[in-house]
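**Q** I would like to see how this sequence folds:
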Amino acid sequence: MSRTAYPYRYESEAVVAAPAEVIFDELDDHRRLSAHMAEPSWIMLGSRMDLRFDTAGGRAVGSRIRLDGRVLGIPLAVEEAVVERISPTRKVWQTIGTPGLLVVAGYRMGFEITPAGLNAKLRIFIDYDLPRGGRSRWLGRLFGARYARWCVERMLSDAVARFAPAPHATGERAGS
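**A** As a prediction, this is how the structure comes out:
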């Protein structure tokens with residue numbers, strides 16, 4: 001699918017301590033992937049979004065995902081559809097209809113996983129546009145890039161943390 005519909009892009013990548021298949025299964029569940037949106041956050045001014053899924057749960061091409069919430073009393077809503085799903089290496093979803101968001105307009109997001117031995121390289125991206133009218137126009141110019149970066153980096157850091165090896169205890173054992 002062409003990126004030309006979205007003039008802005010942010011992407012980031014990291015090595016994840018798990019095989020590609022395991023990472024894909026984890027991220028294929030949008031409840032886990034979008035967990036950062038369901039928690040109050042500074043970028044949402046303490047607000048959060050509710051996630052709803054169709055019967056496929058966001059795990060099939062054509063599956064729908066809806067996010068609803070409020071920021072400072074202003075209703076937010078966006079509907080997404082999965083447009084590409086190639087297990088265990090790639091998944092892409094994008095907005096459908098007209099998103100009711102404040103700092104970004106339509107977008108396409110996704111992830112790519114490249115096997116690397118026992119680990120894998122995970123790249124997460126967002127291609128997006130800024131709102132064109134009203135208060136959202138200037139909010140998008142001020143905060144659109146920051147929001148895109150926050151969203152991608154949260155997804156990436158959450159994935160890395162989920163598979164990080166448990167730290168080893170240090171110090172003396174009891175009874176030594």
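
**Q** So the residue nearest to Phe24 when sequence neighbours are not counted versus Gly73, what's the distance?
**A** Nearest residue to Phe24 in three dimensions, chain neighbours excluded: Pro88, at 3.7 Å (CB to CB, 6 or more residues apart in numbering). Heads up, the C-betas are built off the backbone N, CA and C, glycines and all. Plainly put, Pro88 is 42 Å away from Gly73 if you go by CB to CB, to the nearest Å.

**Q** So for the two, which sits in the more crowded spot?
**A** Pro88 (17 against 6; other CB atoms under 10 Å).

**Q** Give the burial count for Leu51, as a bare number.
**A** Leu51: 18 neighbours (other CB under 10 Å).

**Q** From start to finish, how long is stretch 49-62 in a straight line?
**A** Chord length of stretch 49-62, first to last residue, is 22 Å (CA to CA, to the nearest Å).

**Q** Outside of that stretch itself, which residues are in contact with it?
**A** 28-31, 34, 37-38, 63-69, 76, 81-85, 93 (CB atoms under 8 Å, 6 or more residues apart in numbering).

**Q** From the residues you listed, which land in helices?
**A** His30, Arg31 (DSSP state H).

**Q** Whichever of the contacts of stretch 49-62 end up buried, select them in PyMOL.
**A** Here is the PyMOL command that picks out the buried ones among the contacts of stretch 49-62, judged by 16 or more other CB atoms under 10 Å:
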select buried, resi 28+30+34+37+63+64+65+67+69+76+81+82+83+85+93
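
**Q** Just the contacts of stretch 49-62: which are in strands?
**A** Within these, residues falling in strands by DSSP state E are 64-69, 76, 81-85, 93.
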